[in-house]
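Trainee: What follows is a predicted structure for the sequence shown.
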Amino acid sequence: MICDVFHFDLAPGLFLRRPMPTRSAGQHRRLSWLLAGLATLLVLTPNLVATRSRAASAATPASDNVPSPRPAANAVVASPPLVRTSDSTTATGAKDGAAQGPARSEAAEAWDAIKDTSNPALLEAFIKRYGTTFFAEIAKARLDDLKAAAAKPSPPAATKAIPTYPIHRGPELPANTFQPPAPPKPADGFHQRVVLYDEDPSDPMGRKSYGSAVWRTDSIRVEGKPEELSAHADVDIPSRGLRATISFKRNLDPTLPASHVIELTFRTPADFDGGGVATVPGMLTKANEQARGAPLAGLSVKVTAGSFLIGLSNVAADRERNLQQLAERPWFDIPIVYANQRRGILAVEKGDAGQLVFRTVLAAWGQHPDEAR
């Protein structure tokens, strides 16, 4: 599988596309649970499972040789796990030589059936029943979005929407004759630099928008376990009206085949010219603002509008390389695709504050590369 990651090459000033390295089949088998749990539509609850099973039995003649139903055209079918035998590697769960998919958890099946619902009662019931699973966290985010949308008053029909963050463009200049200098680095030691690079059809050099990021540590409460630390950043691009939050967490859900989870949430005004953030292909780290980024090994999925999860690979070699990059690289690149299909890159600096946050969090996890040596 090859994911497109977009880079802004500051030398020629053009957006470039470069394929991320191809992952091995073994790595994708380990990460297939993430996509399988979030993309397939199966059943709502165990009661629905039983009801559909009874309906299927009544509609189908009894036979030992009834073929299995074909999956939907857009369903994602997970490959069966592999086990090593004395002679060769074979797929488990096979019957008469035909491989079958691994059994899925009850929570995953229930979430597949309700993940597109707009009924808060269904989401609350799901959270109450499956509150300790990874899918319950996604349901909580979905429920919060529905409540926020319901609480937001609708503007009068005759009232024209006023931009929350107006954009003031400077005078038009001939192309490539002048480039404004980057704003100085904030001197308070708190706010770190952020640059949003956007494609601009009228300028082959693209467009830069400057902002800031504030890094901090957060405490996560987990039932029956001590508090868990996470790294968190609040990002603000005032001239574009774009705000984002980034959270780096250690994965504590045994049903999720990932070593760490990165949560990203983007908020844009109603008149945002890109139409909102539609896709986040992944995340990269780099040595400085102008350098090309190296991708973190993992898979990205969209949770809700403007909300994304990146599960980092739990393969030993990938995990070690990811931790090394998180600990040492001072910049992050987040490639984004807007709803209008234009592309951008959000470059976020750690700075001294961010470096201290990651050192503290990785040490609390017992995963800082320097301490591991």
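Mentor: On my side now, so go ahead.
Trainee: In the sheet, which strands lie alongside the longest strand belonging to the chain, parallel or antiparallel?
Mentor: What stands out as the longest strand in the chain, according to DSSP state E, is strand 203-220. Strand 203-220 has the following strand partners under DSSP bridges: strand 191-200 (antiparallel), strand 228-237 (antiparallel).
Trainee: tell me the mean pLDDT over the first one?
Mentor: The predicted model gives strand 191-200 an average pLDDT of 93.
Trainee: Can you name the residues in contact with it?
Mentor: Surrounding strand 191-200, the residues in contact under the criterion Cβ atoms under 8 Å, 6 or more residues apart in numbering are 8, 15, 182, 185-186, 206-215, 235-237, 240, 242, 274, 289, 342-351, 353-354. For glycine as for every other residue, the C-beta is placed from the backbone atoms N, C-alpha and C.
Trainee: Mark which of those are buried, thanks.
Mentor: Among the contacts of strand 191-200, those classed as buried by neighbour count (16 or more other Cβ atoms under 10 Å) are 8, 15, 206, 208-209, 211-215, 235-237, 240, 242, 274, 342-351, 353-354.
Trainee: measure the residue nearest to residue 324 when sequence neighbours are not counted to residue 363 for me?
Mentor: Spatial nearest neighbour of residue 324, chain neighbours left out: residue 369 (5.2 Å); criterion: Cβ to Cβ, 6 or more residues apart in numbering. Per Cβ to Cβ, to the nearest Å, residue 369 is found 11 Å from residue 363.
Trainee: for residue 349, same thing?
Mentor: As for residue 349, its distance to residue 363 is 21 Å (criterion: Cβ to Cβ).
Trainee: and if you look at residue 319?
Mentor: 17 Å.
Trainee: Look at those two and report which has more neighbours.
Mentor: The residue with the greater number of neighbours, taking residue 319 and residue 363 and applying other Cβ atoms under 10 Å, is residue 319; the counts read 17 against 14.
Trainee: so the more buried one makes contact with residue 257?
Mentor: No: Residue 319 sits out of contact with residue 257 when judged by Cβ atoms under 8 Å, with a separation of 11.6 Å.
Trainee: Could you tell me how many residues sit around residue 140?
Mentor: Here the count is done by other Cβ under 10 Å, and residue 140 has 15 residues near it.
Trainee: and the longest helix along the chain, which residues are buried?
Mentor: Secondary structure of the chain read by DSSP state H shows that its longest helix is helix 134-151. Of the residues in helix 134-151, those scored as buried under the neighbour-count criterion (16+ other Cβ under 10 Å) are 134-139, 141-143, 145.
Trainee: Stretch 335-342 now?
Mentor: 335-338, 342.
Trainee: Could you give the separation between the terminal residues of that stretch?
Mentor: The separation between the terminal residues of stretch 335-342, taken as Cα to Cα, to the nearest Å, is 11 Å.
Trainee: Local confidence estimate at residue 299?
Mentor: Per-residue pLDDT puts residue 299 at 93.
Trainee: what are the bridge partners for it, then?
Mentor: Here residue 299 sits in beta bridges with residue 311, going by DSSP bridges.
Trainee: Would it be right to say that residue 244 lies in a strand?
Mentor: Yes: assignment of residue 244 by DSSP: H, G, I helix; E, B strand; the rest coil places it within a strand.
Trainee: Which residues are in contact with it?
Mentor: Under the criterion of Cβ under 8 Å, 6+ apart, the neighbours of residue 244 are 234-235, 264-267, 346.
Trainee: Filter these down to the buried ones.
Mentor: Burial of the contacts of residue 244 was assessed by neighbour count (16+ other Cβ under 10 Å); the buried members are 235, 264-266, 346.
Trainee: If we only consider those residues, which is nearest to residue 124?
Mentor: When the buried ones among the contacts of residue 244 are compared for distance to residue 124, the smallest value, 21.3 Å, is given by residue 265; criterion: Cβ to Cβ.
Trainee: Tell me the secondary structure of the closest one, please.
Mentor: Of the three states, residue 265 takes strand under three-state DSSP.
Trainee: pLDDT wise, what is it at?
Mentor: The predicted structure lists residue 265 with a pLDDT of 97.
Trainee: do residue 203 as well
Mentor: The per-residue pLDDT reported for residue 203 equals 84.
Trainee: swap in residue 48?
Mentor: 50.
Trainee: same check, this time on residue 15
Mentor: Residue 15 carries a pLDDT score of 46 in this model.
Trainee: and what of residue 2?
Mentor: On the pLDDT scale, residue 2 is placed at 40.
Trainee: likewise residue 341?
Mentor: The per-residue pLDDT reported for residue 341 equals 92.
Trainee: so residue 338 bridges to which residues?
Mentor: Per DSSP bridges, the residues bridged to residue 338 are residue 277.
Trainee: mind listing what it touches?
Mentor: The neighbours of residue 338, taking Cβ under 8 Å, 6+ apart as the test, are 274-278, 344.
Trainee: can I get those in JSON lines with distance to residue 222 and pLDDT?
Mentor: Written out in JSON lines, the entries for those read as follows (distance: Cβ to Cβ, whole Å; pLDDT from 0 to 100):
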{"residue": "274", "distance to residue 222": "36", "pLDDT": "86"}
{"residue": "275", "distance to residue 222": "37", "pLDDT": "89"}
{"residue": "276", "distance to residue 222": "32", "pLDDT": "92"}
{"residue": "277", "distance to residue 222": "29", "pLDDT": "95"}
{"residue": "278", "distance to residue 222": "32", "pLDDT": "94"}
{"residue": "344", "distance to residue 222": "35", "pLDDT": "94"}
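Trainee: Make CSV out of these and add distance to residue 195.
Mentor: Listed next are these as CSV, based on distance: Cβ to Cβ, whole Å:
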residue, distance to residue 195
274, 16
275, 21
276, 20
277, 16
278, 21
344, 10
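Trainee: which one of these sits closest to residue 152?
Mentor: residue 276 (15.5 Å).
Trainee: My guess is residue 327 contacts residue 358. True?
Mentor: Yes: with contacts defined as Cβ under 8 Å, residue 327 counts as touching residue 358 at a distance of 6.1 Å.
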